[in-house]
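Visitor: The following comprises the amino acid sequence and a computationally predicted model.
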Amino acid sequence: MTDEYFPATRSQNKKNDNPMGTGVLGIIAAICLAIFSVVLRFALEALDKLNYRKAARWFFLSVLPLGVAAILWSIHGDATMFEKNLVLGIIGAAIGASGFIYAGYALGDSIPRIQAAAHLDEPASADKLAQNVTSFGQQGGITAGTVNIGPQRLGFSSQLGAELLAKMPIKKKIEIQSIGGNLDQAVASEIQIFLQKNGYDVSRMSIGVMAPPPDSKISLSDTPNGYVLIIAPSAN
């Protein structure tokens with residue numbers, strides 16, 4: 001009689017080994033899929049706006065919930081080991097690829113800022129001091145909607161900083177839009193740090209490519225809510 005009931009007891013114990021139960025696992029999986037769907041939409045919207053840095057970040061965040069769902073499924077699911085390994089491998093590759101892509105964008109933005117901060121207090125070199133920074137048809141404060149600055153190859157200098165301060169006498173909020181690659185972003189970082197040290201509240205958006213491309217290296221617009229400073233050192 002004992003042997004007759006042992007199989008049933010073992011079967012019952014095996015059935016109870018799953019502490020989550022299929023219902024709870026299904027709820028968690030549904031939540032993860034819902035999060036994936038919402039965050040993926042943000043990634044696609046950023047991609048439509050050609051903001052690849054933000055798109056990479058949202059893609060990475062969107063696949064993380066899928067990774068959680070896949071791990072729970074591999075622990076409590078009834079699939080074969082091959083099927084589990086296949087799903088985990090695919091989702092793990094997606095998480096790793098999107099994470100490294102986003103890390104590349106993050107490092108690309110942070111390294112120029114670190115370099116700019118390290119060299120900001122160094123004396124300006126002679127070639128930088130010799131640069132001409134011109135405001136076309138403007139004197140004193142901003143009297144027109146937009147001021148174009150810097151007809152030559154743009155590099156930050158004390159002369160450029162003084163010109164910017166003269167064009168922004170009221171310390172309103174500044175929105176910087178920096179356009180270009182790493183060298184261009186480094187120049188924008190020097191300008192941002194300089195303005196912050198002079199008491200301005202500065203926010204910044206880094207853009208790799210703008211269509212149509214700007215025709216001025218620096219454009220400054222004075223709005224009721226603040227200044228908009230577009231920096232494109234490589235503009236022709």
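Guide: Yes, it's here. Residues are numbered from 1 along each chain as shown.
Visitor: ok but residue 222 is inside a helix, no?
Guide: No: read with DSSP: H, G, I helix; E, B strand; the rest coil, residue 222 is strand and lies in no helix.
Visitor: Give me the pLDDT value at it.
Guide: As predicted, residue 222 sits at a pLDDT of 88.
Visitor: Ok, residue 41 next?
Guide: According to the per-residue confidence, residue 41 scores 88 in pLDDT.
Visitor: where's it, which helix or strand?
Guide: Take DSSP states H and E as the rule and residue 41 turns out to sit in helix 21-48.
Visitor: could you point out which element follows that helix?
Guide: Criterion used, DSSP H and E; the element after helix 21-48 is helix 52-76.
Visitor: Could you name the helices and strands sitting against that next one?
Guide: Helices and strands touching helix 52-76, by 3 or more C-beta pairs under 8 Å, 6 or more residues apart in numbering; DSSP states H and E, are helix 21-48, helix 81-119. C-betas here are computed from N, CA, C, even on glycine.
Visitor: Take those helices and lay them out in CSV including distance to residue 74.
Guide: CSV is the format used below for the helices and strands packed on helix 52-76 (distance: least, C-beta to C-beta, whole Å):
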stretch, distance to residue 74
helix 21-48, 11
helix 81-119, 4
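Visitor: Let me have those helices in JSON lines, extended by distance to residue 188 and mean neighbour count.
Guide: Rendered in JSON lines, the data for the helices and strands packed on helix 52-76 read as follows (distance: least, C-beta to C-beta, whole Å; neighbours: other C-beta atoms under 10 Å):
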{"stretch": "helix 21-48", "distance to residue 188": "20", "mean neighbour count": "14"}
{"stretch": "helix 81-119", "distance to residue 188": "8", "mean neighbour count": "14"}
